[in-house]
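Colleague: no sequence for this one, just the structure:
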């Protein structure tokens, strides 16, 4: 049993050294490729956030603020959108003004009218569209 434990320990240490050597090699000689891969992964994750936000906007657009039961659902969705924006630094920067409007509409039931909700949804859609195009340009390498 002792021999087995020593063998397993040796193999584990050897694999750690091997994995570390691969990482050092990649960072030393393939830095650009690793950097491109990391950029792609972060852009993909950001793209997923944009898609989720768009889905929430579509769901928000389906409800009418004139109906009191739907108004509660609208407020919940507005809070979800605000939470998602606050949780993402890049979204928080791009949606700062809209975040204030979302907070106003979700905290004051009298301000939450159908025209205000539709204006907010349209504005968020346009911002999302612009951000989506910027993100794709960044991914392709066309950004300044």
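Modeller: Great, that's in hand. Keep in mind the model is a prediction, meaning the values are calculated, not measured. Residues are numbered from 1 along each chain as shown.
Colleague: how much space between residue 52 and residue 39?
Modeller: In this view, residue 52 and residue 39 are 21 Å apart by C-beta to C-beta, to the nearest Å. Yep, even glycine has a C-beta here, placed from its N, CA and C like the rest.
Colleague: In contact with the residue positioned nearest the centre of the chain, which residues?
Modeller: Residue closest to the average C-alpha location in the chain (C-alpha atoms, centre = their mean): residue 49, at 3.0 Å. Contact criterion C-beta atoms under 8 Å, 6 or more residues apart in numbering gives 84, 88, 91 as the residues in contact with residue 49.
Colleague: tell me which residues in the helix or strand where it lies are buried?
Modeller: Under the assignment given by DSSP states H and E, the secondary-structure element containing residue 49 is helix 31-62. Buried residues in helix 31-62, defined by neighbour count with 16 or more other C-beta atoms under 10 Å: 46, 49, 50, 53, 56, 57, 60.
Colleague: How about stretch 101-115?
Modeller: Neighbour-count burial for stretch 101-115, with 16+ other C-beta under 10 Å as criterion, is recorded at 101, 102, 105, 106, 112.
Colleague: do you know how far the residue nearest to the first one when sequence neighbours are not counted is from residue 67?
Modeller: Take residue 101 and drop its neighbours on the chain: the residue closest to it by C-beta to C-beta, 6 or more residues apart in numbering is residue 120, 5.7 Å away. The gap separating residue 120 from residue 67 is 18 Å, by C-beta to C-beta.
Colleague: ok, these two, which is more surrounded?
Modeller: Per other C-beta atoms under 10 Å, whichever of residue 120 and residue 67 has more neighbours is residue 120, with 20 against 12.
Colleague: For the helix or strand harbouring the more buried one, list every residue counted as buried.
Modeller: Under the assignment given by DSSP H and E, the secondary-structure element containing residue 120 is helix 114-140. Burial within helix 114-140, assessed by neighbour count using 16+ other C-beta under 10 Å, is assigned to 117, 120, 121, 124, 127, 128, 131, 132, 135, 139.
Colleague: average model confidence for the helix or strand following the helix holding residue 49?
Modeller: For helix 31-62, the following helix or strand on the C-terminal side (DSSP H and E) is helix 68-87. For helix 68-87, mean pLDDT rounds to 93.
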